[in-house]
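One predicted model, sequence on top.
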10 protein chains.
Amino acid sequence: MLYCVQMEVRIPHDLDPSHADTLKADEKARAQELQRAGKWVHLWRVAGRYANISVFDVTDHDELHTILSSLPLFPFMDIAVTPLARHPSAISPSIAPRST
Amino acid sequence: MLYCVQMEVRIPHDLDPSHADTLKADEKARAQELQRAGKWVHLWRVAGRYANISVFDVTDHDELHTILSSLPLFPFMDIAVTPLARHPSAISPSIAPRST
Amino acid sequence: MLYCVQMEVRIPHDLDPSHADTLKADEKARAQELQRAGKWVHLWRVAGRYANISVFDVTDHDELHTILSSLPLFPFMDIAVTPLARHPSAISPSIAPRST
Amino acid sequence: MLYCVQMEVRIPHDLDPSHADTLKADEKARAQELQRAGKWVHLWRVAGRYANISVFDVTDHDELHTILSSLPLFPFMDIAVTPLARHPSAISPSIAPRST
Amino acid sequence: MLYCVQMEVRIPHDLDPSHADTLKADEKARAQELQRAGKWVHLWRVAGRYANISVFDVTDHDELHTILSSLPLFPFMDIAVTPLARHPSAISPSIAPRST
Amino acid sequence: MLYCVQMEVRIPHDLDPSHADTLKADEKARAQELQRAGKWVHLWRVAGRYANISVFDVTDHDELHTILSSLPLFPFMDIAVTPLARHPSAISPSIAPRST
Amino acid sequence: MLYCVQMEVRIPHDLDPSHADTLKADEKARAQELQRAGKWVHLWRVAGRYANISVFDVTDHDELHTILSSLPLFPFMDIAVTPLARHPSAISPSIAPRST
Amino acid sequence: MLYCVQMEVRIPHDLDPSHADTLKADEKARAQELQRAGKWVHLWRVAGRYANISVFDVTDHDELHTILSSLPLFPFMDIAVTPLARHPSAISPSIAPRST
Amino acid sequence: MLYCVQMEVRIPHDLDPSHADTLKADEKARAQELQRAGKWVHLWRVAGRYANISVFDVTDHDELHTILSSLPLFPFMDIAVTPLARHPSAISPSIAPRST
Amino acid sequence: MLYCVQMEVRIPHDLDPSHADTLKADEKARAQELQRAGKWVHLWRVAGRYANISVFDVTDHDELHTILSSLPLFPFMDIAVTPLARHPSAISPSIAPRST
């Protein structure tokens, strides 16, 4: 099932910089792992903000929450989740194939 | 270039029903035409609302506005546009290929 | 899967009263049918408002949208959907059994 | 009487981690105690957020406030309370039996 | 139990004036009847607005909803309900006696 | 003259606890003093929040501001003031007698 | 006593134009009468909006409400009232004399 | 030219108290200097809040910004500026004479 | 002096279409006249909305209000005005020359 | 392509002052460099706020994000981006020439 997930990151300015760097590196690694696993199917940067608009393809709400709440930057993110249904005017499956 | 476009449709209850039906049919035909043209690359229904979350892939802001403002239901939609940039953690081009 | 659905009803004052009555009666019948089918598992009135807080138990986002968008009062409702996951502190399955 | 209670948790990043862990453990124990006592009758996680949607069944406003304000994480929660009345379309008592 | 109820009245300008007058007269009569019955214990006008801040003393959420939803102007009011608990610093019962 | 005053208290988590306790004790003493003086005529707890809804009966805006701004917790409160006028449907003076 | 009053006017487009003109003329006459009476002590137009920011000097909340609620355009205005107290840094009485 | 300026002051609780006192004293001196210079023509306290509603009479936007941004408490204020035009119903110049 | 003006147009669906067309044509003619006069110095379409972001260069607030309030579509626009001052980091006069 | 960018700066009061000064100096230098490069084509101060309204002329969303996210004050800014299209009533190219 598909979910639109909008994440806004707010890292406190007094967080230890090396700790912040570690979190960001871990976040990137985890994001790529989830993309390769076909769970995080779209990841776009919101131009001008430390934020993204993403689409996840997971089994159910529990899997979505498990994934999001274990992201390294989760404690510093404001997240909005929108469940996506098939649109009657869509000409193709609601998500493009991720591989040939 | 990619844009996330969120459309919320509010058709006045006192609009002539047959006119409303015509607008909806025209909207659907136009949406499918734009999808086939590769302009409207994602179209999802927001579960529980007369709304969608879409991604457009167009040349520039002018083309986006021309497309959106000529949608049959445009006068009855509240539209929010978010420019999407490439995300540094994305492992693939920012939009999945729509065909093999 | 469970969804919290909050519905706020706003019937235009110039809607034909008998049409409004028909819609309300149809809405009630449909709501009860969905409760009996085990889809609409909780339905509470928000005290002081023409609104409800509900919990639906359906297969996926598509089924939820199909159900909500076909409610007789759907054109006059403002609906917010929240996907509900299992809470780690919950001592029982995330929804109480509805019988026995 | 039933109340819908929505809790959003925001633990300051500079809170002592072991203190935070203690608070979370205490919160979990207290939440389970209240569930077993039949006061906290539903507890769902909002997917993607450190938040929950709950239903409490208590004697009156005073008992509700006493319970909520003594939760270990209360100082770090933003809480919204909605009194729930019986819905005329509900086919069963406004809360499902929790056992047998 | 006490509830703070804030009502904002918005009568559509195209409502039949004599019908509106009837509704207002009925509303006034009903408000006074409820005050005399000790249910509507405070009724204040918000200076400068067609609105009031009230306190109701009723048995439970159901009685509150029954009262509010049957007010003649209910279809034209936006209502916010806040459950009031006893305050630990209050020196008297949470509502002053209304007689003697 | 009557004012509805809604106070939301937000004590920073890193305020010295003994200082916070002193402030709270002072606030309680001052609140009771003002109640006994007939200035703070209603004081209710908002169920589930560190907040209150109050009614003050003071000579004018200046007295109200002097009282509120000298409350011990004033620096940590978000306060909204609503001037209350007599309601044409009220059957009694706009505030119930507090004694006898 | 002084009150800052912000009025936003929204005249429905389907109001009879001659009726609207009458209301506007009456509003202007009444506004000038209240200014001459020393009640409506400041009246400024918000640049670019059909709105004003005003200061009233009246005896109490009741007089303010009586004045505002009897303005000809009252049914079409959204009004916000802010009670103004003397500022400790003000070097003159809180309102400048309106005549030599 | 006239501007309505609304200032909300939020001094962080962990600011050094003597520094805060110095800033407040400087702010008061500066406010009085600007009033004597005829720039800050009205200064009212918002009852119940650490806030003011003011009217400035300055040459242009640049002078307004220079004045506001150099106020000692500027870093701790949230400021909203509204340009004020002459109101067609005002019977006197849009600002009362401040002397004579 | 410069002002950023954001206009959102909402034409009621039941406005007579030929009247709406006349208003739009008049609006366009007036907008171009004001541009040629050097008053309306920038006019951009907000992509995807019936809205614009503009910059006006006028003598004072009164001239701005006179211009905006006499626009043919003024009754159907929601307008926000922001006074623009010179930015200390700007390398050129705050508005580019409009002609060589 | 043109983007309207609104930046609100919030520098934490406990940031090291010399570090803040360095950031501001760097920000100014970078802003001027971008203006000279023709990327940052308008830069206005919002009167009364530590904020600006700007227009950028860049190749695409990616370039805009790269520029904004590398501004020295980016971590302390709240940024809103609006894509600007050509307005049908604009009499000149959507941006005035910056030289000659």
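Okay, I see it. What you see is a predicted model; the values in this text were computed from it and never measured.

Let me see the mean pLDDT of the helix ranked longest in chain A.
As assigned by DSSP state H, the longest helix anywhere in chain A is helix A:17-36. The average pLDDT within helix A:17-36 is 98.

For it, could you pull out the residues that count as buried?
Buried residues in helix A:17-36, counted by 16 or more other C-beta atoms under 10 Å in any protein chain shown: A:23-24, A:27, A:30-31, A:34-35. From N, CA and C alone the C-beta is placed, and that goes for glycine too.

what does stretch A:70-83 give?
For stretch A:70-83, the neighbour count (16+ other C-beta under 10 Å) marks A:71-74, A:76-77, A:79, A:81-83 as buried.

Keep only those of those residues that are also close to chain D.
Contacts with chain D are made by A:74, A:76, A:79, A:81 out of those, judged by C-beta under 8 Å from any C-beta of the partner chain.

circling back to that earlier point, so which other helices or strands are in contact with the longest helix of chain A?
Using 3 or more C-beta pairs under 8 Å, 6 or more residues apart in numbering or on different chains; DSSP states H and E, the elements in contact with helix A:17-36 are strand A:40-46.

Pull up the distance across stretch A:67-84, start to finish.
For stretch A:67-84, the first-to-last residue distance is 18 Å (C-alpha to C-alpha, to the nearest Å).

Could you see whether chain F lies near it?
No - between stretch A:67-84 and chain F, judged by C-beta under 8 Å from any C-beta, nothing touches; the nearest distance is 15.1 Å.

Please, which helix or strand holds A:Asp62?
helix A:61-69 (DSSP states H and E).

what's the next secondary structure element after that helix?
Heading C-terminal from helix A:61-69 (DSSP H and E), you reach strand A:77-86.

which other helices and strands contact that next one?
So strand A:77-86, by 3+ C-beta pairs under 8 Å, 6+ apart, packs with strand A:2-9, helix A:61-69, strand B:40-46, helix C:61-69, strand C:77-86.

Tell me which of those is the most buried.
strand B:40-46 (a mean of 23; mean count of other C-beta atoms under 10 Å in any protein chain shown).

I'd like to know which elements that one is packed against.
Strand B:40-46 packs on strand A:77-86, helix B:17-36, strand B:51-57, going by 3+ C-beta pairs under 8 Å, 6+ apart.

what pairs with that strand, and is each one parallel or antiparallel?
Partner strands for strand B:40-46, per DSSP bridges, with pairing direction: strand A:77-86 (antiparallel), strand B:51-57 (antiparallel).

follow-up on the earlier one: farthest-apart pair in the buried residues of helix A:17-36, please.
Farthest pair in the buried residues of helix A:17-36 (C-beta to C-beta) is A:Leu23 and A:Gln35. Separation: 18.4 Å.

gap between stretch A:29-39 and the chain center?
For stretch A:29-39, the separation from the chain centroid amounts to 9 Å (computed by C-alpha atoms, centre = their mean, to the nearest Å).

sorry, that was for stretch A:43-50
12 Å.

Measure how the helix holding A:Asp62 sits relative to strand D:40-46, angle-wise.
60 degrees (axes from the mean of the first three to the mean of the last three C-alpha atoms, to 10 degrees).

model confidence over helix A:61-69, on average?
Helix A:61-69 comes out at a mean pLDDT of 98.

That helix and chain B in contact?
No - remark: helix A:61-69 sits outside contact range of chain B, by C-beta under 8 Å from any C-beta, the gap being at least 12.0 Å.

close to chain D, is that helix?
Yes - Helix A:61-69 lies within reach of chain D by C-beta under 8 Å from any C-beta, at A:61-62, A:64-65, A:68-69.

Show me what that helix is packed against.
strand A:2-9, strand A:77-86, strand C:77-86.

Burial check on A:Arg49, number of neighbours?
By the criterion of other C-beta atoms under 10 Å in any protein chain shown, A:Arg49 has 20 neighbours.

partners of the residue nearest to it when sequence neighbours are not counted in the sheet?
Once flanking residues are discounted, A:Arg49 sits nearest to J:Ile79: 5.9 Å by C-beta to C-beta, 6 or more residues apart in numbering or on different chains. Per DSSP bridges, the residues bridged to J:Ile79 are J:Met7.

what pLDDT does J:Ile79 get?
So, for J:Ile79, pLDDT stands at 98.

circling back to that earlier point, now the helices and strands packed on strand B:40-46 in TSV, with distance to D:Pro88?
As requested, the helices and strands packed on strand B:40-46 are arranged in TSV below (distance: least, C-beta to C-beta, whole Å):
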stretch	distance to D:Pro88
strand A:77-86	28
helix B:17-36	29
strand B:51-57	29
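
now A:Ser89: how far from chain G?
Remark: distance between A:Ser89 and chain G (C-beta to the nearest C-beta, to the nearest Å) = 32 Å.

Wait, that residue touches B:Lys28, no?
Yes - contact criterion C-beta atoms under 8 Å: A:Ser89 and B:Lys28 qualify, at 4.6 Å.

Pull the contacting residues for the residue most central in space within chain A.
Of all residues in chain A, the one closest to the mean position by C-alpha atoms, centre = their mean is A:Ser54, 4.9 Å from it. Applying C-beta atoms under 8 Å, 6 or more residues apart in numbering or on different chains to A:Ser54 gives the contacts A:4-7, A:40, A:42-44.
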